[in-house]
Structures are given as C-alpha cells and as structure tokens.
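In: Predicted model, plus sequence, below.
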Amino acid sequence: QVQLVESGGGSVQAGGSLRLSCSASGRTYSSYCMGWFRQVPGKEREAIVQIDNDGLVDLREGRFTIPPDNAKNTLTLLMNNVTPEDTAKYYCAYQGPRRSGGWCPIDRYSSWGQGTQVTVSS
C-alpha cells in the first residue's frame, strides 16, 4: 500500500500562485510514476503533470512548473498565473513498479490521494 499525503491548494485570486505538494510513503518503489490530476464536477479527470523515477516530466500546462530539486517519491507542482479555469479538485496519484507498455499509462495509477481543492477567483 502506498499512502499519499497532499498539501497546498486553497483559494487565490487570478494571477496569483499556488504550490501543491504530494509525498508518497509506505510500499513505494524505485521505479514509479507520479502525477497530479484535476477534476471539475461533471467533467473527466485530466492529467496536469506526470513524472517518473528518472525525473522525466510530462507537463501539460505551460504556466505550471516542477521545482528542479523535486525529491524522489514526491511531486510538487508550482502553479503560476492561475486563472478561474484552474478551479478544480486536484489529486495526486502513484503507480509502481513501472512495467512495459508505454510511459506512465494513466490507467495504471493505483494509489490516489484524497484531493485538495483549488479555487481561483476573478
């Protein structure tokens, strides 16, 4: 079992910044993927960023960044210049060990955090 602890989120005005952090513990693996996803009620969950144990990153939003010192089995997302469209519940996810069949397949995330709400006001 992998436990995920999420922190950050909250309410911010448009143009501001937020920091989301996620730390994995328990039965973690040396070969893994982690990701941040977000979901708005009535819409499908979407991937924002994924990272593997080698530090390879797939970041889907150009306004967001990953700090260069992101530690193993953690994933920090720096959200910059946020807009009301970033309002959603954000979830951290973990999969491991990595297997063949593509890089960090979305459907292989087996551990999910409880989610943290991000609300951006205009």
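Out: Structure received.

In: Parallel or antiparallel, list what pairs with the strand or helix carrying V49.
Out: Applying DSSP states H and E as the criterion places V49 in strand 46-52. Counting by DSSP bridges, the strands paired with strand 46-52 are strand 33-39 (antiparallel), strand 57-59 (antiparallel).

In: Alpha carbons of it, as CSV, please.
Out: Taking Å, rounded to 0.1, in the frame of the first residue of the first chain, the C-alpha atoms of strand 46-52 are listed here in CSV:
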residue,chain,number,x,y,z
GLU,A,46,-7.4,15.4,-16.6
ALA,A,47,-3.7,14.9,-16.2
ILE,A,48,-1.7,18.0,-15.4
VAL,A,49,1.7,16.6,-14.8
GLN,A,50,3.4,13.2,-14.6
ILE,A,51,6.9,12.4,-13.5
ASP,A,52,8.8,9.1,-13.4
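
In: Please list all residues in contact with P105.
Out: For P105, the contacting residues are Q95, by CB atoms under 8 Å, 6 or more residues apart in numbering. (C-beta placed from N, C-alpha, C; glycine too.)

In: how about a cut-off of 10 Å?
Out: P105 sits next to C33, Q50, Q95, R98, R99 when contact means CB atoms under 10 Å, 6 or more residues apart in numbering.

In: For the protein, just list every one of the strands.
Out: 2-8, 10-13, 18-26, 33-39, 46-52, 57-59, 64-65, 74-79, 88-95, 111-112, 116-121 (DSSP state E).

In: Check which helices and strands the last one sits against.
Out: Judged by 3 or more CB pairs under 10 Å, 6 or more residues apart in numbering; DSSP states H and E, the packing partners of strand 116-121 are strand 2-8, strand 10-13, strand 18-26, strand 33-39, strand 88-95.
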